[in-house]
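**Student:** output the structure for:
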Amino acid sequence: MMPVLSRLVSLNSRRAQHQFHRLREVSYPVHDKGPNIVSVREALKDIKSGSKIFVGGSASSPTPLLVGLHVEAERRDLREYVSPSTTFIYTVPVHGVPREAQRLKPSSSDYEISVDCTGGVRSNALFLGGGQNKDVNEGRVDFVPIFLTDVAKMFYRKRIPLDAAFVTVSPPDERGFCSLGTSVDCVRSAVTMAPSLIGVMTKNMPRTHGESLVHSSHFDALVKDDSFQIYERKMGQMGDAEKQIGKLIANNLVDDGSTMQMGVGDVPDATWAALSNHKDLGIHTEMISDGVVELINNNVITNRLKTTMPGKVVTSFAYGTRMLYDFLDNNPLFHFAGVEWTNDPRVIALQRQMIAINSFVEIDITGQICSDSIGRRLLSGFGGQVDFIYGSSISDDGLGKPIMAAPSTNKKSGESKIVSQLKPGAGVVTSRAHVHYVVTEYGIANLWGRNVRQRAFDLIRIAHPNHRERLEKETFERLGVSIFIFLFLIMHALKRLIFHLLFTPSVDLPVHKKDCPNKITVEF
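**Tutor:** Purely as a prediction, here's the structure:
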């Protein structure tokens with residue numbers, strides 16, 4: 001096996017060759033050129049019909065520019081709707097486009113939003129969020145199914161040639177350097193490949209470290225708007241199911257010294273909360289939220305045992321509350337990097353005891369994971385789920401654990417998330433061959449190396465009790481299991497019925513033996 005250091009050198013060499021094709025580098029000052037601070041209208045004066053514009057998203061959505069763009073498109077008639085001259089914007093999840101633009105007014109603009117702003121621009125989403133899923137499902141917005149890591153590659157290879165990039169940045173420091181703040185992810189690739197760079201500059205954007213620096217002299221236009229607040233995540237209320245899932249993961253699947261990746265949501269929040277007694281955890285992830293702050297302050301997360309960038313929290317973007325953003329501001333503990341590196345499965349595989357925790361909408365009894373839709377209705381996108389699930393599964397030390405976790409039922413409808421077949425039209429994000437650990441509040445199932453019938457049995461055991469009998473019948477109908485398996489399922493159902501009749505069901509959720517995380521003990 002190639003030593004880790006040699007592999008790192010090899011990967012960095014390939015990365016340098018790959019990025020050699022950048023249109024420009026933005027981290028050095030351009031001689032005799034200062035920042036060009038203008039109004040929104042002046043900043044957009046060179047946007048023409050048919051322009052392809054990248055728009056940064058999540059916390060750093062440049063809403064003042066989006067509002068101005070929609071108004072300018074209407075005022076100047078930049079395009080004929082859905083024609084070759086359409087002005088396209090390519091986005092990750094953004095706030096303020098296109099429907100929200102009608103009710104938002106940037107303070108630095110001379111616009112009053114009084115016209116229909118949805119007709120001037122066509123949005124092409126690279127991930128869904130911020131209300132875009134509704135627009136996609138109703139045909140107002142387009143959608144590109146793509147791994148987040150491939151978005152950066154797509155820009156570098158000019159699969160989508162950009163004309164401009166809209167971003168939100170911090171004010172320049174004494175040397176003229178702005179920071180991309182909460183979002184480096186695929187933003188930096190767009191910044192380096194777009195001929196025109198336009199930014200909203202606000203003091204409310206934290207100054208982050210890593211690959212986030214852009215010298216102000218590279219901007220064609222900067223709009224100063226200190227009244228513009230970057231977007232904050234609305235924190236959900238963790239339920240009992242999420243708390244139990246967090247405990248199961250923390251107590252059975254995460255060892256001291258592990259390197260962690262988690263997404264955003266109630267299950268990740270509950271898992272971070274359950275890790276308070278662990279030691280020397282590290283982070284190499286696509287994104288971070290508020291849950292890391294307390295663990296860093298309490299020395300649970302030290303990053304000291306990490307393989308790459310020991311001592312650093314490595315991420316590509318952040319999305320949380322103001323508390324998180326203030327913690328990130330000028331904090332050298334955090335290293336923000338592009339997703340083409342953070343999400344590279346080869347880099348992920350180098351991490352010590354890599355734990356990847358992601359969620360799902362549905363999983364069928366063979367292990368197919370749907371994470372981006374409910375039937376035909378699109379909800380999100382691919383993001384980095386597959387990259388981290390695969391990267392952790394091929395970890396160099398053989399100790400990586402790919403984990404898919406979700407409550408056993410949908411909160412609103414009560415429907416089981418473990419199903420005999422995915423809903424018609426549902427997309428498979430993570431294949432049945434990629435899946436290892438699956439966790440609900442009722443237990444842990446390790447599907448790796450299990451045949452289809454075994455998988456079905458394991459998953460039914462961690463489904464909600466109200467749905468198990470139906471799942472057993474549907475499994476029999478779908479898989480055509482032998483009479484012996486069928487009788488075994490019947491006996492299992494009878495045994496469960498007898499337990500329910502003879503004993504009062506325990507209030508406690510199932511307990512798993514810490515030393516045997518691959519085995520499932522379901523108590524009734």
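**Student:** can you show me the strands along the stretch 101-250 of the chain?
**Tutor:** Per DSSP state E, counting those that start in this stretch, the stretch 101-250 of the chain has strands spanning 122-125, 142-143, 164-169, 177-179, 196-201, 213-215, 221-224. These are given in chain order.
**Student:** in terms of secondary structure, what does the second one contact?
**Tutor:** Think strand 142-143. strand 122-125 (3 or more C-beta pairs under 8 Å, 6 or more residues apart in numbering; DSSP states H and E). The way it works is simple: take the backbone N, C-alpha and C, and place the C-beta from them, glycine included.
**Student:** repeat for the last one
**Tutor:** Contacting strand 221-224 under the criterion 3+ C-beta pairs under 8 Å, 6+ apart are the following elements: helix 40-43, strand 196-201.
**Student:** got a markdown table for the strands of the stretch 101-250 of the chain, with distance to residue 462 and mean neighbour count too?
**Tutor:** Shown next, in a markdown table, are those (distance: least, C-beta to C-beta, whole Å; neighbours: other C-beta atoms under 10 Å):
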| stretch | distance to residue 462 | mean neighbour count |
| --- | --- | --- |
| strand 122-125 | 33 | 21 |
| strand 142-143 | 32 | 16 |
| strand 164-169 | 42 | 28 |
| strand 177-179 | 44 | 24 |
| strand 196-201 | 46 | 24 |
| strand 213-215 | 46 | 22 |
| strand 221-224 | 51 | 22 |
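**Student:** about what we covered before: need the helices and strands packed on strand 221-224 in JSON lines (columns: distance to residue 326 and mean pLDDT).
**Tutor:** JSON lines is the format used below for the helices and strands packed on strand 221-224 (distance: least, C-beta to C-beta, whole Å; pLDDT from 0 to 100):
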{"stretch": "helix 40-43", "distance to residue 326": "27", "mean pLDDT": "94"}
{"stretch": "strand 196-201", "distance to residue 326": "19", "mean pLDDT": "96"}
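**Student:** can you tell me which of the strands of the stretch 101-250 of the chain comes nearest to residue 278?
**Tutor:** Nearest to residue 278 among the strands of the stretch 101-250 of the chain is strand 177-179; the distance by C-beta to C-beta comes to 31.0 Å.
**Student:** what about the closest one, distance to the chain center?
**Tutor:** Offset of strand 177-179 from its chain centre (C-alpha atoms, centre = their mean, to the nearest Å): 24 Å.
**Student:** list the strands paired with it, with their directions.
**Tutor:** Strand 177-179 pairs in its sheet with strand 213-215 (antiparallel), by DSSP bridges.
**Student:** what sits up against the strand it pairs with?
**Tutor:** 26-30, 167, 169, 172, 176-180, 191, 197, 199 (C-beta atoms under 8 Å, 6 or more residues apart in numbering).
**Student:** export the strands of the stretch 101-250 of the chain to TSV and append columns for distance to residue 44.
**Tutor:** As requested, the strands of the stretch 101-250 of the chain are exported to TSV (distance: least, C-beta to C-beta, whole Å):
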stretch	distance to residue 44
strand 122-125	16
strand 142-143	22
strand 164-169	9
strand 177-179	19
strand 196-201	7
strand 213-215	19
strand 221-224	8
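**Student:** these: lowest mean pLDDT?
**Tutor:** If the strands of the stretch 101-250 of the chain are sorted by mean pLDDT, strand 122-125 sits at the bottom with a mean of 80.
**Student:** now stretch 334-347: how far from the chain's centre is it?
**Tutor:** 13 Å.
**Student:** and for stretch 494-505?
**Tutor:** Put simply, stretch 494-505 sits 42 Å off its chain's centre (C-alpha atoms, centre = their mean).
**Student:** mind saving the C-alpha coords of it as PDB?
**Tutor:** Provided in PDB are the C-alpha atoms of stretch 494-505 (Å, rounded to 0.1, in the frame of the first residue of the first chain):
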ATOM      1  CA  LEU A 494     -46.200 -14.800  16.400                       C
ATOM      2  CA  LYS A 495     -43.300 -14.400  18.900                       C
ATOM      3  CA  ARG A 496     -43.700 -10.700  18.800                       C
ATOM      4  CA  LEU A 497     -47.500 -11.000  19.400                       C
ATOM      5  CA  ILE A 498     -46.900 -13.300  22.400                       C
ATOM      6  CA  PHE A 499     -44.500 -10.900  23.900                       C
ATOM      7  CA  HIS A 500     -47.000  -8.000  23.500                       C
ATOM      8  CA  LEU A 501     -49.700 -10.100  25.100                       C
ATOM      9  CA  LEU A 502     -47.700 -11.400  28.100                       C
ATOM     10  CA  PHE A 503     -45.600  -8.400  28.900                       C
ATOM     11  CA  THR A 504     -46.000  -4.700  29.100                       C
ATOM     12  CA  PRO A 505     -43.900  -3.200  26.300                       C
END
